[in-house]
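Undergrad: Model the structure of this input:
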Amino acid sequence: MGFEEDDLLDTEIEALAAEARAAKAELGALRAARAAATAEDFETGQERMAEWASRIRVTTQEAAAMQAQQHMTQAHLKALQAMISSTAGQVRSREAVLYGVLAQAEEYEAAALSAQQNEAQAAAEATVSPVQEDPEEAMLKQRLWQLTASCDRLVDEVHSARQERSAEARTLSALSYTEDRLAESRHEAARLSAEVSQPAPARLQDPRSSRLRGSRASASARRSGAQLLGRSITWLRAYGAFDGFIEGFCKFSDCFFGRVLLGFSSWVWI
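TA: Numbering: from 1, shown residues only. Model (predicted):
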């Protein structure tokens, strides 16, 4: 009986040892599988982190570029506003000068009409009672004719000044159009700043769509800025030509009106 019990114990011990070895082998396989899964998850996480980091860098660069574009647009808008304010002041001053010139022209036209009436009356009196002209009367008639011709030229200049006033009205309409374009550019800049101020996760959900929106917004801002700059340059050239014409007209009118006033005062003194 003792030998049989020993054999049974040995058999059980061997079975337990075999089970222990199988459990160890299974545990080793589980540990190896878990290590492989952990390594794979770690590599996947590293790749995902690298991809997210690259997306964050790209988005940050795009946001910086959009902010720089926004700053440039704001500076350009401020420069255009300053230029428009100064140009509007110059236009108002030129308009005041033109109104003064027109008032002087109306006064000279009234003086010319009165001189023509006096001349017609003198001619009628001369036909009724013809007498010999003295040199002073001949000189007076010559000055009256000169004053009449000067007034005719002055009337022509008044007509041209009125035409220039219509051109000035067109210039003011161009100014209002430029202000409308400025308002549109301000709305565009506000929209760009709103897109830039969005949170990072919202921009990173779809990197291709965010890059596409950023490129479209940048292209739209560049196109609007280029169109506004071209129209501003065209308007400035037109206003420069108009300003030069007005300065020349003011110089000519000062000289011409001075001569007419001198002749008229000398005629009144005689």
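Undergrad: Tell me, how many residues neighbour residue 94?
TA: By other C-beta atoms under 10 Å, 19 other residues sit near residue 94. C-betas here are computed from N, CA, C, even on glycine.
Undergrad: From the contact counts, what lies against the host helix or strand of it?
TA: Assigned by DSSP states H and E, residue 94 falls within helix 2-128. Applying 3 or more C-beta pairs under 8 Å, 6 or more residues apart in numbering; DSSP states H and E, one finds that helix 2-128 contacts helix 135-196, helix 200-204, helix 207-269.
Undergrad: If you average pLDDT over each of these, which is lowest?
TA: Mean pLDDT values for those show the minimum at helix 200-204, a mean of 44.
Undergrad: For burial, what's the neighbour tally of residue 9?
TA: Close neighbours of residue 9, defined as other C-beta under 10 Å, add up to 10.
Undergrad: ok, so what distance separates residue 49 from residue 22?
TA: Noted for residue 49: a distance of 40 Å to residue 22, by C-beta to C-beta, to the nearest Å.
Undergrad: same check, this time on residue 162
TA: Per C-beta to C-beta, residue 162 is found 113 Å from residue 22.
Undergrad: sorry, back to before: and the helix holding residue 94, what's its mean pLDDT?
TA: Mean per-residue pLDDT for helix 2-128: 84.
Undergrad: tell me which residues of stretch 88-102 are tucked away?
TA: For stretch 88-102, a neighbour-count test (16 or more other C-beta atoms under 10 Å) marks 91, 94, 98, 101 as buried.
Undergrad: give me every residue that touches the residue nearest to residue 162 when sequence neighbours are not counted.
TA: Of all residues not flanking residue 162 in the chain, residue 102 sits nearest, at 7.8 Å (C-beta to C-beta, 6 or more residues apart in numbering). Contacts here follow C-beta atoms under 8 Å, 6 or more residues apart in numbering; on that basis residue 102 touches 158, 161-162.
Undergrad: What's the ChimeraX syntax to select whichever of those are buried?
TA: One line in ChimeraX is enough to select the buried ones among the contacts of residue 102; burial here means 16+ other C-beta under 10 Å:
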select :158,161
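Undergrad: Tabulate the contacts of residue 102 (a markdown table), appending distance to residue 87.
TA: Shown next, in a markdown table, are the contacts of residue 102 (distance: C-beta to C-beta, whole Å):
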| residue | distance to residue 87 |
| --- | --- |
| 158 | 26 |
| 161 | 20 |
| 162 | 22 |
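Undergrad: Relative to residue 187, which of the contacts of residue 102 is nearest.
TA: Of all the contacts of residue 102, residue 187 sits closest to residue 162, with 38.4 Å by C-beta to C-beta.
Undergrad: how near is residue 49 to residue 42?
TA: 10 Å.
Undergrad: Against residue 99, how distant is residue 162?
TA: 11 Å.
Undergrad: To what extent is residue 73 buried, counted in neighbours?
TA: Using other C-beta under 10 Å, residue 73 is surrounded by 20 other residues.
Undergrad: any idea how far residue 112 is from it?
TA: The gap separating residue 73 from residue 112 is 56 Å, by C-beta to C-beta.
Undergrad: try residue 100
TA: Taken as C-beta to C-beta, the span from residue 100 to residue 112 is 19 Å.
Undergrad: what does residue 8 give?
TA: Applying C-beta to C-beta, the value for residue 8 to residue 112 is 150 Å.
Undergrad: Just want to know which of these two has more residues nearby.
TA: Between residue 8 and residue 112, counting by other C-beta under 10 Å, residue 112 is the more crowded of the two (21 against 10).
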